[in-house]
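**Q** Sequence first, predicted model second:
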Amino acid sequence: MTYNVRVGTNSGGGQILSPESGSDGFRRVAQAGNAQQRLGITLRGLTAGTTYYWSVQSVDSSFAGSPFSAEGTFVVGAPGVLTGPSLIVSATSEQLTGSVNPNGPDSTAWFEWGTNTSYGSNTAVIPISGTISGAVGVTNLIAGLIPGTVYHYRLVATNGLGINGGADSTFTVPLPPSVTTLAATAVVPTSALLNGSVLPNSAPTLARFQWGTSISYGSTSAPISLSITNLAAVALSNLLTSLTPNTQYHFLLSASNVAGVGNGNDLTFTTPAPSGPSVTTLPTDGITPNRAILKGTAAANGAATAA
């Protein structure tokens with residue numbers, strides 16, 4: 001696969017760099033894209049202060065072109081802008097990051113954000129000195145967010161030559177984890193396997209089982225870490241040992257993240273009483289006038305046994 005870039009001085013134009021493709025992406029020539037397999041392309045001879053329009057398509061091995069991406073713009077001489085990742089701060093706030101290269105003149109930068117790509121809200125303006133050589137990192141904290149909501153944002157910067165905007169990015173404000181306690185399995189007189197599932201809900205999460213002989217529990221498993229990248233519920237288990245036979249136990253699964261705590265329902269299981277040992281006498285072997293080998297098998301069945 002190769003990449004094919006279109007650059008023009010008007011929307012949809014290709015005066016600066018022709019893609020040799022129609023507006024629908026159909027290739028007019030049977031050849032690889034003009035950027036080949038590179039993820040960037042250098043343009044020369046552009047005019048400072050001019051707005052340029054660009055888009056890109058992929059070209060497969062049969063030289064068929066994909067539809068063009070959403071059109072972007074840039075202004076030569078305006079600040080170079082890169083939207084960075086967001087960082088979770090609390091259940092209702094997020095730290096936005098990015099970088100700006102002022103490209104000579106003094107510049108100002110700000111983040112646009114909202115629940116769609118129209119944004120609707122701007123952060124405070126950040127001044128950036130033109131004496132800075134290269135890109136400088138910028139951040140801004142936004143608060144009052146709604147848990148469970150997807151937000152869009154981008155970094156924008158301007159100087160005397162024009163304005164450039166970074167790419168749109170998104171984040172989801174986390175909710176407390178969604179937790180389900182599931183029935184215990186493999187229950188025998190002295191052990192049982194606890195089960196459950198946790199959906200992190202867009203934030204790093206710690207999960208743990210609690211158990212005991214009452215709803216006060218009293219015992220807790222080691223924490224289990226779940227990543228923000230877990231987009232579906234994750235099945236969890238914890239093996240308990242050294243339990244008391246013929247005893248009812250309560251247990252639940254709980255989990256926490258920056259947005260709060262989620263608890264599954266309390267469930268119970270009862271360890272069975274140990275059954276008596278299972279014994280089988282086997283035929284004797286090696287019988288002589290003064291010797292015999294006696295044989296048999298014994299199964300303890302969950303309790304200390306002497307044979």
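**A** Now that the structure is in, tell me what you want to look at.

**Q** Only C-alpha atoms from now on, for both contacts and neighbour counts.
**A** OK.

**Q** Show the residue spans covered by the helices in the stretch 201-307 of the chain.
**A** Under the criterion DSSP state H, counting those that start in this stretch, the stretch 201-307 of the chain carries no helices.

**Q** what comes up buried for the host helix or strand of residue 138?
**A** Secondary-structure assignment from DSSP states H and E places residue 138 in strand 136-142. Going by neighbour count (16 or more other CA atoms under 10 Å), the buried part of strand 136-142 is 138-142.

**Q** Spatially nearest residue to the spatially most central residue of the chain, not counting backbone neighbours?
**A** Centroid check for the chain by CA atoms, centre = their mean gives residue 229 as the closest residue, at 2.0 Å. Spatially, and ignoring its direct neighbours in sequence, residue 229 is nearest to residue 202 (7.4 Å; CA to CA, 6 or more residues apart in numbering).

**Q** what's the one you found in contact with, if anything?
**A** 172-175, 228-231 (CA atoms under 8 Å, 6 or more residues apart in numbering).

**Q** give me phi/psi at it?
**A** Backbone torsions of residue 202, given as degrees, to the nearest 10, read phi 80, psi 20.

**Q** What pLDDT is listed against it?
**A** At residue 202, the pLDDT value in this model is 92.

**Q** Any figure for the gap between it and residue 208?
**A** 18 Å (CA to CA, to the nearest Å).

**Q** Return the closest of the buried residues of strand 136-142 with respect to residue 39.
**A** residue 138 (24.7 Å; CA to CA).

**Q** Any idea what the closest one is bridged to?
**A** residue 98 (DSSP bridges).

**Q** Make sure it is actually in contact with residue 101.
**A** No: counting by CA atoms under 8 Å, residue 138 does not reach residue 101; the two are 10.6 Å apart.

**Q** follow-up on the earlier one: elements contacting the strand holding residue 138?
**A** Contacts defined by 3 or more CA pairs under 8 Å, 6 or more residues apart in numbering; DSSP states H and E place strand 136-142 against strand 93-101.

**Q** buried stuff in the strand it packs on?
**A** Quick answer for strand 93-101 (16+ other CA under 10 Å): 93-94, 96-101.

**Q** Relative to residue 121, which of those residues is nearest.
**A** Of all the buried residues of strand 93-101, residue 121 sits closest to residue 96, with 13.2 Å by CA to CA.

**Q** Next up, the contacts around that closest one.
**A** 84-87, 111, 139-142.

**Q** how about 10 Å then?
**A** Taking CA atoms under 10 Å, 6 or more residues apart in numbering, we find residue 96 in contact with 83-88, 111, 113, 123, 138-142, 153-155, 171.
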